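[1] Sequence and predicted structure below; questions after.
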There are 2 protein chains.
Amino acid sequence: MPTITQTIPGGVTAALGFRAAGISAGIKANGKPDLALLVSDAPAQAAAVFTTNKATAAPVIVSREHLSRSGGLARAIVINSGCANACTGADGLAAAREMTAATAGLAGCPVEQVLVASTGVIGVALPMNNVRMGLPVAFKSLGADQGPQAARAIMTTDPFPKEAAARFAVGGRDAAIGGMAKGSGMIEPMMATMLGFVTTDAAVPRPLLERALRDAVHDTFNAITVDGECSTNDCVMLLANGASGLTVDESSYSAFATALTAVCRELALGIVRGGEGATKLVTVTVSGAASPDEARRAAKAIANSPLVKTAIHGGDPNWGRLIAVAGRAGVEFVLERAAVRIGSIVLFDNGRPHDERAPDAAAYLEGTDLAVAVDLGAGTASSTVWTCDLSAEYVRINAEYRT
Amino acid sequence: MPTITQTIPGGVTAALGFRAAGISAGIKANGKPDLALLVSDAPAQAAAVFTTNKATAAPVIVSREHLSRSGGLARAIVINSGCANACTGADGLAAAREMTAATAGLAGCPVEQVLVASTGVIGVALPMNNVRMGLPVAFKSLGADQGPQAARAIMTTDPFPKEAAARFAVGGRDAAIGGMAKGSGMIEPMMATMLGFVTTDAAVPRPLLERALRDAVHDTFNAITVDGECSTNDCVMLLANGASGLTVDESSYSAFATALTAVCRELALGIVRGGEGATKLVTVTVSGAASPDEARRAAKAIANSPLVKTAIHGGDPNWGRLIAVAGRAGVEFVLERAAVRIGSIVLFDNGRPHDERAPDAAAYLEGTDLAVAVDLGAGTASSTVWTCDLSAEYVRINAEYRT
């Protein structure tokens, strides 16, 4: 069966039958948008992945409960930025429940069909008066053209909103997948690190929906890092409402999964490009590993190394730092067979440096979309992850976040 | 048996029968001191711990070999800064061997009684002409008063030299222990991260010497982190020459071990205080852990968290970041029983924040010698590690290291 996947403009309302809203409810002191709604006209099949952080935030607890009680159906998602509602005890849990109850009342659906997500400072009480007054306003402004407003309302330190969409066709029918994401610091998905919301107007049975989300997240959101931190609130939620008339089954699964992965990858790379203080997107590939797990572990170690990230920030082709991280990553590593590339320039192989090529590598590093690669010399497995450079601006942002 | 341990002024020549030197050999382009010698008048019992990094540097390979061939005896240590002699292939190995051979010739001892260490940029060839011409000059300037010169000659980005010494007495006799260390970036000892050289004029049988060094390093050099990086060259070497006439045995072991740990702790804390870009020394204590290993792992995760380190840099009592790291550290953690303290101020316990205390905590964080503590609420084990804050200066230093 021939399939076509193509990226298209748009975000979370690119799929039929979804409306979104984003407004300023006054949760953020600076008056920027901070409350978003996403509503499916009909109940949608829902799948989600949540943070593995054991200091689980209240909205994560409530969303997990609701998905389980609703049998995986969802009509709406309510999201606030400016406050994580994490480590807020019984009051925080009550606040998250009230957000879903109020949204259910407006949407006219059972409360367990509403999911909730929050992002912002940990340990601060959610200003519920603002949420209470804001929700009806957000509900009134729902529209199929309001995806960009929703994408802005979920931002914290993000320098720009992240939206992506794709269309896939199977046997003469086609359907859309669209999404939005936020995330800038505290980014290293150990499940899914950040908030991501993806919709499709295909009908997708829940087992296939869950498999597709798990696989897509592994290769996209879980393959990025900004600072090696995994937050208390991270989640990616995927809703499928069937409005396009296309139903995904085992024979068309790969078309759906390919399009979903394309959307998730674009959102994930957007998070890295907009990482706190980031000036460069860096693709880190590790090959020659003894296992895929070791390849991923070494790639993550390199992508999180402050010495690698500062060298790239400064345009310094300091390949010795890449080797040093590979050597301490707790994976099989054979120095004599190892190699390092910056772009396509081999700076170390067969146990010897090629420092005469450093000027070429330095020129390459002046770009903003970079690739570095390390061969561990220990096997045949490989893995790719994405990171950004570490700048003084990251320090400024995080030293001043609350002040 | 009554024992007394007291810290005393001095460094690597505080113990009798040791002479040191530090000179400028031109290895560093800026002309700063870069070649150090440490010589024991008599063969000394030697113990050492080396980096676990699999990209092992040439001097580490040679020192390990020599210790094994000499049966644990050493007369001299030769050290250069300005070049790590790591990832330099067969030429690098030959250079490290030549450094020990030339030193043995000057000291009149077998080559296997000379240990070697290097620190600086990885992957650059050691300028052997400078080493060849410098070694006789260094040898001529050896003196029991030249410890401070040696401590300066092993520095790279260190803002100040690190020296420490202590005296211990057992049964009417006393002996000294003195040391020097360097290290500023690429600091997280997975064996021993940095260079450290410690001497004592006690006579210590090799099994006791090795046990004492291993235990002291675990609680000092291996309990610090600046940036979570483990270098290719790290080592701590300990020489015992017996010149004081005091012999350590099982009954006096604890006096020796206590004094050794005191010297190593002072050197280790000096490394953190002088961490690249550091403005604050932070003692991180994790309690309530399910095991000592989990306590150490959680403490290290907190000590390496860029979000914790930038918050402390900015004086922001953002305790939620401490909880978030504890929750992602891969250890048992019970949010409802967890607690966070900044100094003596409890900001979170029993599942609830105490944000009204944030101003007091912010005032406390204006200091430069700080303590933070997290109770995991999961058990009774605890661990303490030391780290520094993360500043824009760290980024500047490491983005510009070679340029």
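    That came through fine.
[2] can you tell me how far the nearest residue to residue A:61 once chain neighbours are set aside sits from residue A:250?
    Nearest non-adjacent residue to residue A:61, counting by C-beta to C-beta, 6 or more residues apart in numbering or on different chains: residue A:93, 6.6 Å away. Any C-beta I mention is one placed from the backbone N, CA and C, and that applies to glycine too. Computed with C-beta to C-beta, to the nearest Å, the distance linking residue A:93 and residue A:250 is 39 Å.
[3] So those two - more neighbours on which side?
    Taking other C-beta atoms under 10 Å in any protein chain shown, residue A:93 and residue A:250 do not tie; residue A:93 has more neighbours (17 against 9).
[4] which stretch of helix or strand covers residue A:180?
    Per DSSP states H and E, residue A:180 falls inside strand A:173-182.
[5] gap between the next helix or strand along the chain from that strand and the chain center?
    Beyond strand A:173-182 on the C-terminal side, the first helix or strand identified by DSSP H and E is strand A:195-200. Relative to its chain's centre, strand A:195-200 lies at 10 Å (C-alpha atoms, centre = their mean, to the nearest Å).
[6] Pull the residues that contact strand A:195-200.
    Under the criterion C-beta atoms under 8 Å, 6 or more residues apart in numbering or on different chains, residues A:12-15, A:18, A:38, A:40, A:44, A:77, A:79, A:117, A:119, A:154, A:175-183, A:213, A:221, A:233-241, A:256, A:260, A:263-264, A:267 lie in contact with strand A:195-200.
[7] how about the helices in chain A?
    Per DSSP state H, chain A carries helices over the ranges A:58-69, A:89-107, A:128-140, A:147-153, A:206-219, A:253-273, A:292-304, A:306-313, A:319-328, A:358-364, A:392-399.
[8] Please identify the most buried of those.
    Across these, the average number of neighbours (mean count of other C-beta atoms under 10 Å in any protein chain shown) peaks for helix A:319-328, which reaches a mean of 28.
[9] can you name the farthest residue from the center of chain A?
    Distance from the centre of chain A peaks at residue A:356, with 39.2 Å (C-alpha atoms, centre = their mean).
[10] check contacts around the nearest residue to residue A:305 once chain neighbours are set aside.
    Excluding its sequence neighbours, the residue lying closest to residue A:305 (C-beta to C-beta, 6+ apart) is residue A:325, at 4.6 Å. Counting by C-beta under 8 Å, 6+ apart, residue A:325 makes contact with A:298, A:301, A:302, A:305, A:307, A:308, B:229.
[11] pLDDT-wise, what's the bottom of the residues you listed?
    The lowest pLDDT within those belongs to residue B:229, with 62.
[12] ok, which residues in the stretch 201-350 of chain A are in contact with chain B?
    A:227-232, A:305-307, A:310-311, A:313-316, A:318-321, A:323-328, A:333, A:335, A:338, A:347-348, A:350 (C-beta under 8 Å from any C-beta of the partner chain).
[13] what do you get if the cut-off is 7 Å, keeping everything else the same?
    A:227, A:229-232, A:305-307, A:310-311, A:313-314, A:316, A:318-321, A:323-324, A:326-328, A:333, A:335, A:348 (C-beta under 7 Å from any C-beta of the partner chain).
[14] which residues of the stretch 201-350 of chain A score low on pLDDT?
    A:226-231 (pLDDT under 70).
[15] go on, the stretch 1-150 of chain A?
    Counting by pLDDT under 70, the stretch 1-150 of chain A has low-confidence residues at A:1-4.
[16] count of neighbours near residue A:27?
    Residue A:27, neighbours per other C-beta under 10 Å, totals 24.
[17] Phi, psi for it please.
    Backbone torsions of residue A:27, given as degrees, to the nearest 10, read phi -70, psi -40.
[18] who's in contact with it?
    A:34, A:35, A:80, A:82, A:83, A:127, A:130 (C-beta atoms under 7 Å, 6 or more residues apart in numbering or on different chains).
[19] With respect to chain B, which of the residues you listed is nearest?
    The nearest member of the contacts of residue A:27 to chain B, counting by C-beta to the nearest C-beta, is residue A:83 at 10.8 Å.
[20] give the contact list for the nearest residue to the closest one once chain neighbours are set aside.
    What sits nearest to residue A:83 in space, not counting adjacent residues and going by C-beta to C-beta, 6+ apart, is residue A:120, at 4.3 Å. For residue A:120, the contact set (C-beta under 7 Å, 6+ apart) comprises A:81, A:82, A:83, A:84, A:156.
[21] go with 10 Å
    Residue A:120 makes contact with A:27-28, A:34, A:80-86, A:126, A:156-157, A:233, A:401, according to C-beta atoms under 10 Å, 6 or more residues apart in numbering or on different chains.
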